[in-house]
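1. Sequence and computational prediction follow.
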Amino acid sequence: MSQYRHEIANKFPLKYLFETLGMRLRTALSDLVSRPVDLMVHRWNWKAALTSSVVRGIIFFFANLGSGWHAALGAMGAEYLYRAITSGFYGAITQHLGEVEPEWEGALCAMVVLPLASHSLEFVVHWLRGTPHLKASIIASLCFTAVSTLFNIYAMRRGAMVVGQHSKSLAHDMRAMPRMIAGFVASMPLWAWRRLRSREA
């Protein structure tokens with residue numbers, strides 16, 4: 001959440017609640033285009049860069065282990081470097097889209113925008129360096145992106161894995177992960193149950 005929106009919330013809490021809390025998707029996308037430095041550079045998400053590079057490096061290591069340790073370590077190193085640089089920007093975009101109301105619009109947009117941006121460049125990086133099991137590596141990475149993007153939207157809307165004003169430490173976020181994961185896994189069945197109850201009512 002931007003500093004400006006926090007200032008409005010503090011001065012006019014009711015006005016903020018009913019008029020500015022629900023940022024529309026069009027506004028969010030317009031902001032990303034008109035204020036890229038503010039939203040993607042100043043809010044570069046180092047938490048996303050750290051966690052994503054570690055996890056995806058492991059994915060590429062095991063996806064290429066069949067070609068030997070040297071190939072697996074090379075693929076892991078290339079992925080680690082690529083994600084360490086770029087995932088902070090993708091995390092910043094995810095954090096911004098996480099402020100969109102309704103929640104599903106921001107999540108759906110992130111599911112389209114982030115894979116197109118991140119995996120296109122990821123493919124080029126590994127193709128140029130000659131990663132042996134490139135297809136399997138990219139597919140595994142895409143599957144992880146599909147799940148992690150939805151989870152990050154869920155967690156960021158609840159104050160975890162965000163950077164900037166009012167953000168918590170990474171250690172605090174990690175301690176909250178079991179609760180976040182449980183809530184995320186339960187969110188779809190709970191949504192379906194509520195829909196069923198509303199139709200019966």
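-> Good, I have the coordinates.
2. If we ignore the residues flanking it in sequence, what's nearest residue 152?
-> Excluding the flanking residues, the one nearest residue 152 by CB to CB, 6 or more residues apart in numbering is residue 94, at 5.0 Å. In this view, the C-beta of every residue, glycine as well, is placed from N, C-alpha and C.
3. From residue 121, how far off is that neighbour?
-> 16 Å (CB to CB, to the nearest Å).
4. quick one, which of the two is more surrounded?
-> residue 94 (25 against 12; other CB atoms under 10 Å).
5. State the distance from the more buried one to residue 109.
-> Taking CB to CB as the measure, residue 94 and residue 109 are separated by 10 Å.
6. Could you give me the buried positions within the helix or strand residue 137 falls within?
-> Using DSSP states H and E, residue 137 sits in helix 134-156. Within helix 134-156, the residues that count as buried by 16 or more other CB atoms under 10 Å are 134, 136-138, 140-141, 145, 148-156.
7. Likewise for stretch 37-49?
-> 39, 40, 43, 44, 45, 47, 48, 49.
8. Do I have it right that the residue nearest to residue 152 meets residue 149?
-> Yes - using CB atoms under 8 Å, residue 94 makes contact with residue 149 at a distance of 6.6 Å.
9. Look up the residues that both of those two are in contact with.
-> 110, 114 (CB atoms under 8 Å, 6 or more residues apart in numbering).
10. Name the nearest of the buried residues of helix 134-156 relative to residue 174.
-> Proximity of the buried residues of helix 134-156 to residue 174 (CB to CB) peaks at residue 155, which lies at 11.2 Å.
11. Verify the stated contact: the closest one with residue 180.
-> Yes - Residue 155 is within contact range of residue 180, at 4.9 Å (criterion: CB under 8 Å).
12. Now for residue 72: which residues touch it?
-> Neighbours of residue 72 in contact, by CB under 8 Å, 6+ apart: 60, 61, 62, 64, 65.
13. Specify the next element, helix or strand, located C-terminal of the helix or strand hosting it.
-> Using DSSP H and E, the element containing residue 72 is helix 69-97. With elements assigned by DSSP H and E, the helix or strand that comes after helix 69-97 is helix 103-129.
14. Which secondary structure elements does that following helix sit against?
-> The helices and strands touching helix 103-129, judged by 3 or more CB pairs under 8 Å, 6 or more residues apart in numbering; DSSP states H and E, are helix 25-34, helix 69-97, helix 134-156.
15. now those helices in a markdown table, with mean pLDDT?
-> Putting the helices and strands packed on helix 103-129 into a markdown table (pLDDT from 0 to 100) gives the following:
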| stretch | mean pLDDT |
| --- | --- |
| helix 25-34 | 92 |
| helix 69-97 | 94 |
| helix 134-156 | 93 |
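16. Output those as CSV; include the columns distance to residue 164.
-> CSV is the format used below for these (distance: least, CB to CB, whole Å):
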stretch, distance to residue 164
helix 25-34, 14
helix 69-97, 8
helix 134-156, 11
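17. All set now, cheers.
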